[in-house]
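# I need the structure of the sequence given here:
(2 chains)
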Amino acid sequence: MKTDPAPKGAESYYEASKKVYPKEIKGRFQRLRTLAVFALLGLYYLLPWVNWGDHQALLFDLPARKFYIFGLTFWPQDFYLMAWLLIIAAVSLFFFTALAGRLWCGYACPQTVWTEVFLWMEHWTEGDRRHRMKLDKAPWGREKILRKGSKQLLWISFAAWTGFTFVGFFTPIDELGARLLTLDLGRWETFWIIFYSFATYGNAGYMREQVCKYMCPYARFQSAMFDRDTLVISYDVERGEPRGSRKRGIDYKTQGLGDCIDCTLCVQVCPTGIDIREGLQIDCIACAACVDACDEVMDKVGYSRGLVRYTTENALEKKETWVLRPRLIVYGVILMALIAGFAYAVGHRMPLVLDVIRDRNALYRMTNHGMIENVYTLKIMNMDTAAHRYTLEVDGLSGIHLDLDTDNITVESGEVATLAARVRVPENGMTESGNTITLTLRATDRPDLKISEPTRFIGPAPRR
Amino acid sequence: MGQIPSSDESGLEPGERTWSQRAQDIAAVAWPSFLVGAMATMLFFAFIDPTVLQEATFPSWDLGRMTGYALGFFFFWGIAFASSALTLFLARSGTRRGPN
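Residues are numbered from 1 along each chain as shown, chains lettered A, B, ... in the order given. Have a look, this model is predicted:
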């Protein structure tokens, strides 16, 4: 490997790294990616500003340990739903990888999406590929300082806005904005804004394709989901070779040339700097920039499009491509089952929690009236969107009686109520020294809203 | 018909654009441990409220939940980082050296 020093101004954070100068392109896949960038980043930057009811539509309120997702409120008790959602995301990734290869990498990965925007800014300020390379080689002067400076200004502002928005998912963004304007941000808010801004700036501005090559686990294991029917971007070797430049208007086929004019545009536009003509490579993120570039060239020279195209290994070998294959069906069925189960679990969540904590100080107490008394602390959590009034019942022993310090158990939406409960049982009602009793909490206005919690009732060893 | 694009004069050859071994090592330790640290943080704090944890350990401190989460995250990241780094060290050193 050559280790000639990087040209001045082109140095990156790491030695022996050559900077990739992706050339800008136009084309249908580039339009698709631009669309994806606007859709995804639009969601990212705008969603925190959307309100739903009396709170932010999407708010992961960590200080209050509550997640608001549109009309739903999630609590730490619902964590399994989030784990479930992550599994669904992973299986979806498997499914789409088997079907269409690295769609995720080319259009939806945050690394791709933010890098794309940073590239636009680079283009606006430093010009196209040729100008950027010239600028990097040029000595520092007025123009270079101006161009590089304005790029940094754009990058840093955009990264800062990104970091601010990120924190806005965890703390109400309008309050955050107000505190930012009055320079009254909390320590950790400041820290995470800077942390996320810096990560965006470094990843999208400098590390770019290196993240895909050296840091991304998905890039390494995605090939396990591939088969000969997976959509990949490939150069048609049979059609293109032998490549070479040619004069216009000659019958190149009589000279033994293929369709590839060896303009290397496919290499110039590649964000990871590979040559697609060398075959399927792990560095390829399937962004289809080379497809757009080659199509444009083919149009210009009057050859048919598709020398570099989305295809499958089977199709390249002129075999039939089989879309509905067992692998895809298995992934699909698992995915549908997981999604259906998730929807059911979210729809049938019991928005009520009853925690019963035994009094730690005394196992039991004898009352003046010859009753055995156990004291419990009850925590009632109303996870529903409306306030409810509840009734509490106890059963499990004959003659069991419940005494609360209030006869009106009303809990506001999203609140936790704590109350003391004294449970009394006549001495002859005990069959063992320890018995299981059941406390049942029921909403008065909604009979289906109920929860039963078993607990221990302790008394003296019964006389036989 | 437009102009046929000319060949690129930059002379960039694929394969030259690689990070040094050290940069790759740092990335391969820092990033996976970041991911695992983030997962562990979510899992841990889904079940344990930092304020409860603090009351049970250092009740005289006044940290607050956000500090709790942040400390937890860096703790888990650090642990995972140490483990990844040791694995890398063991895989890279020793008498049995594979082809580099």
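
# On the C-terminal side of the lowest-mean-pLDDT helix or strand in chain B, identify the next helix or strand.
Every helix and strand in chain B was compared by mean pLDDT, DSSP states H and E; the lowest is helix B:50-57, with a mean of 85. Using DSSP states H and E, the next helix or strand after helix B:50-57 towards the C-terminus is helix B:65-92.

# That following helix packs against which elements?
Contacts defined by 3 or more CB pairs under 8 Å, 6 or more residues apart in numbering or on different chains; DSSP states H and E place helix B:65-92 against helix A:187-200, helix B:21-47, helix B:50-57. Backbone N, C-alpha and C define where each C-beta goes, glycine included.

# And chain A, is the second one touching that?
Yes: for helix B:21-47 and chain A, the contact criterion (CB under 8 Å from any CB of the partner chain) is met by B:22-24, B:27-28, B:31-32, B:35, B:42-43, B:45-47.

# tell me which residues of that helix are tucked away?
Buried residues in helix B:21-47, counting neighbours by 16 or more other CB atoms under 10 Å in any protein chain shown, are found at B:23-29, B:31-34, B:36-37, B:40-42, B:44-46.

# just how off-centre is stretch A:281-294 within its chain?
Here stretch A:281-294 is found 24 Å from its chain centre; the criterion is CA atoms, centre = their mean, to the nearest Å.

# and if you look at stretch A:339-347?
Worked out by CA atoms, centre = their mean, stretch A:339-347 lies 19 Å from the chain centre.

# contacts for it?
Residues outside stretch A:339-347 that contact it (CB atoms under 8 Å, 6 or more residues apart in numbering or on different chains): A:Leu72, A:Leu81, A:Trp84, A:Leu85, A:Ile88.

# could those be laid out in CSV, adding distance to chain B and pLDDT?
Output for the contacts of stretch A:339-347, formatted as CSV (distance: CB to the nearest CB, whole Å; pLDDT from 0 to 100):
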residue, distance to chain B, pLDDT
A:Leu72, 17, 81
A:Leu81, 10, 88
A:Trp84, 13, 91
A:Leu85, 12, 90
A:Ile88, 16, 94
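
# Of those residues, which belong to helices?
A:Leu81, A:Trp84, A:Leu85, A:Ile88 (DSSP state H).

# Three-state assignment for A:Val375, please.
strand (DSSP: H, G, I helix; E, B strand; the rest coil).

# Check what pLDDT B:Pro14 gets.
For B:Pro14, the model assigns a pLDDT of 37.

# Relative to the whole chain's centre, how far out is the biggest helix by length in chain A?
The single longest helix within chain A, with elements called by DSSP H, is helix A:142-168. Mean-position distance between helix A:142-168 and its chain equals 24 Å (CA atoms, centre = their mean).

# Tell me the buried residues in that helix?
For helix A:142-168, burial by neighbour count (16+ other CB under 10 Å) applies to A:147-148, A:151, A:154-155, A:158-160, A:162-168.

# Determine the number of other residues adjacent to the closest residue in space to A:Ser304 that isn't next to it in sequence.
Take A:Ser304 and drop its neighbours on the chain: the residue closest to it by CB to CB, 6 or more residues apart in numbering or on different chains is A:Met298, 6.5 Å away. Neighbours of A:Met298 under the rule other CB atoms under 10 Å in any protein chain shown: 18.

# Mind giving me the packing neighbours of the helix or strand harbouring A:Met298?
Using DSSP H and E, A:Met298 maps to helix A:289-301. Applying 3+ CB pairs under 8 Å, 6+ apart, one finds that helix A:289-301 contacts helix A:28-46, helix A:265-268, strand A:308-311.

# buried stuff in that helix?
Those would be A:Ala289, A:Cys290, A:Val291, A:Asp292, A:Ala293, A:Cys294, A:Asp295, A:Glu296, A:Val297, A:Met298, A:Val301, for helix A:289-301 by 16+ other CB under 10 Å.

# Identify the farthest-apart pair in the residues you listed.
Using CB to CB, those span at most 19.1 Å, a distance reached by A:Ala289 and A:Val301.

# Was I right to think A:Cys284 contacts A:Arg277?
No: between A:Cys284 and A:Arg277 there is no contact under CB atoms under 8 Å: 11.6 Å.

# low-confidence ranges in chain B?
In the predicted model, chain B carries pLDDT under 70 at residues B:1-18, B:95-100.

# what about 80?
B:1-19, B:59, B:62, B:94-100 (pLDDT under 80).
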